[in-house]
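Visitor: predicted coordinates and the sequence they were generated for:
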Amino acid sequence: MPENWIRKQTLTNAERYTTDELKEMEDVILGAEDRLYNLEYAVFCELRDKIFGQMKRIQDTASVIAFLDMLASLAYVAEHNQYVRPTINHNGSITIKEGRHPVIEQMMTKDMFIANDTYLDDDTQLRYNDVRKFGRMKLVDKEGYKTLKPLNQLGKEPFEADVNEIYQRLKNKDTAIKTALLDQTLLAGIGNIYANEICYAMHLNPQTKAKALSKKRVKELIEVSSSILNEAIKQGGTTIHSFSANGIDGLFQVQLKVHMQEKCPQGHDIKKISLNGRGTYYCPICQKARR
């Protein structure tokens, strides 16, 4: 056995030996990984400090690049879709020739989207503020606009509704009468607030099946609907919360009997439920459900 061999471990039927040279090599290998990590961390810290010293310059450069990228993207889209930059004036007139919608026209097949012209030069204002986010605005030609969807699907307003026609349609509806009243293909112009008020005025439970109404009750339904809508129009509509159009509030909300009320005119507690996803107010006593 060489004299420089050093016994390290006794194994079954074997002995393990090492040398001073192998010990040194083992130490070098085991310490190399730690030294590598330390070296990498030192390089990282040096790079981090250099970047931090140029932080303002880097951020300003990134901001300029982002702005240029935005302008380049808008320029590409404008050129690709043939958009025209509008000229802003302060004389109270609006002139739009071949106006388009950048989103809708991309969703429609070729040649389905028709560009529209709009001219407002008499100091009038066109405003659209949909609090409930249910509505939509569409610019169409005044000739034949009633033949376009969804206008051609609207039912008649209560003022001109035919009792027999409404009765025939209701008797096939298995939905609640409140839900049927909101169906604009049946009767146009009745919103959620007025549907609640119509049901109360008729002492009609809003959950009553539409098909359960007799022809006499349908006639009453049309008459009450017309009366309430006429009064609402006379009062300038119903203003909800803090919304008003052009600073003008409707006044019909002061005449509401059940909608958003705590007590009905008879002093009974108002109950609120949800029918087909719509808030429904009614008086369980004045509007008892018929069995």
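Guide: Received it, and whenever you're ready, just let me know what you need.

Visitor: name the helix or strand for Ile228, please.
Guide: Using DSSP states H and E, Ile228 sits in helix 215-234.

Visitor: list of residues touching that helix?
Guide: 157-159, 161, 163-164, 166-167, 170, 177, 181, 187, 189-190, 194, 197-198, 201-202, 204, 213, 238, 250, 252, 255 (CB atoms under 8 Å, 6 or more residues apart in numbering). (Glycine included, C-beta is placed from N, CA and C.)

Visitor: buried residues, that helix. List them.
Guide: Residues of helix 215-234 classed as buried by neighbour count (16 or more other CB atoms under 10 Å): 217-222, 224-226, 228-229, 232.

Visitor: of those, just say which sits nearest to Asp69.
Guide: Checking those against Asp69 by CB to CB gives Ala232 as the nearest, at 52.1 Å.

Visitor: please save the CA atoms from the helix holding Ile228 in PDB.
Guide: Output of helix 215-234 as PDB, limited to C-alpha atoms (Å, rounded to 0.1, in the frame of the first residue of the first chain):
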ATOM      1  CA  LYS A 215    -110.800  39.700 -21.800                       C
ATOM      2  CA  LYS A 216    -112.400  42.200 -19.400                       C
ATOM      3  CA  ARG A 217    -109.100  42.400 -17.400                       C
ATOM      4  CA  VAL A 218    -107.100  42.800 -20.600                       C
ATOM      5  CA  LYS A 219    -109.300  45.700 -21.600                       C
ATOM      6  CA  GLU A 220    -108.700  47.200 -18.200                       C
ATOM      7  CA  LEU A 221    -105.000  46.500 -18.600                       C
ATOM      8  CA  ILE A 222    -104.800  48.500 -21.800                       C
ATOM      9  CA  GLU A 223    -106.900  51.400 -20.300                       C
ATOM     10  CA  VAL A 224    -104.800  51.600 -17.100                       C
ATOM     11  CA  SER A 225    -101.600  51.400 -19.100                       C
ATOM     12  CA  SER A 226    -102.700  54.300 -21.400                       C
ATOM     13  CA  SER A 227    -103.800  56.400 -18.400                       C
ATOM     14  CA  ILE A 228    -100.500  55.900 -16.500                       C
ATOM     15  CA  LEU A 229     -98.300  56.500 -19.500                       C
ATOM     16  CA  ASN A 230    -100.300  59.600 -20.500                       C
ATOM     17  CA  GLU A 231     -99.900  61.100 -17.000                       C
ATOM     18  CA  ALA A 232     -96.200  60.200 -17.000                       C
ATOM     19  CA  ILE A 233     -95.800  62.000 -20.300                       C
ATOM     20  CA  LYS A 234     -97.700  65.000 -19.000                       C
END
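
Visitor: parallel or antiparallel, list what pairs with the helix or strand just after that helix.
Guide: Proceeding N to C from helix 215-234, the next assigned helix or strand is strand 271-275, under DSSP H and E. Its sheet considered, strand 271-275 pairs with strand 278-282 (antiparallel) by DSSP bridges.

Visitor: residues of the partner strand that come out buried?
Guide: Neighbour count says strand 278-282 has 280-282 buried, by 16+ other CB under 10 Å.

Visitor: and if you look at stretch 201-210?
Guide: For stretch 201-210, by 16+ other CB under 10 Å, it's 201-202, 204-210.

Visitor: over to stretch 190-204?
Guide: 190-202, 204.

Visitor: okay, these in JSON lines with pLDDT next?
Guide: Formatted as JSON lines, the buried residues of stretch 190-204 follow (pLDDT from 0 to 100):
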{"residue": "Ile190", "pLDDT": "95"}
{"residue": "Gly191", "pLDDT": "91"}
{"residue": "Asn192", "pLDDT": "92"}
{"residue": "Ile193", "pLDDT": "92"}
{"residue": "Tyr194", "pLDDT": "94"}
{"residue": "Ala195", "pLDDT": "96"}
{"residue": "Asn196", "pLDDT": "96"}
{"residue": "Glu197", "pLDDT": "96"}
{"residue": "Ile198", "pLDDT": "96"}
{"residue": "Cys199", "pLDDT": "97"}
{"residue": "Tyr200", "pLDDT": "97"}
{"residue": "Ala201", "pLDDT": "96"}
{"residue": "Met202", "pLDDT": "96"}
{"residue": "Leu204", "pLDDT": "96"}
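
Visitor: the residues you listed in helices, which ones?
Guide: Counting by DSSP state H, the part of these found in helices is 192-201.
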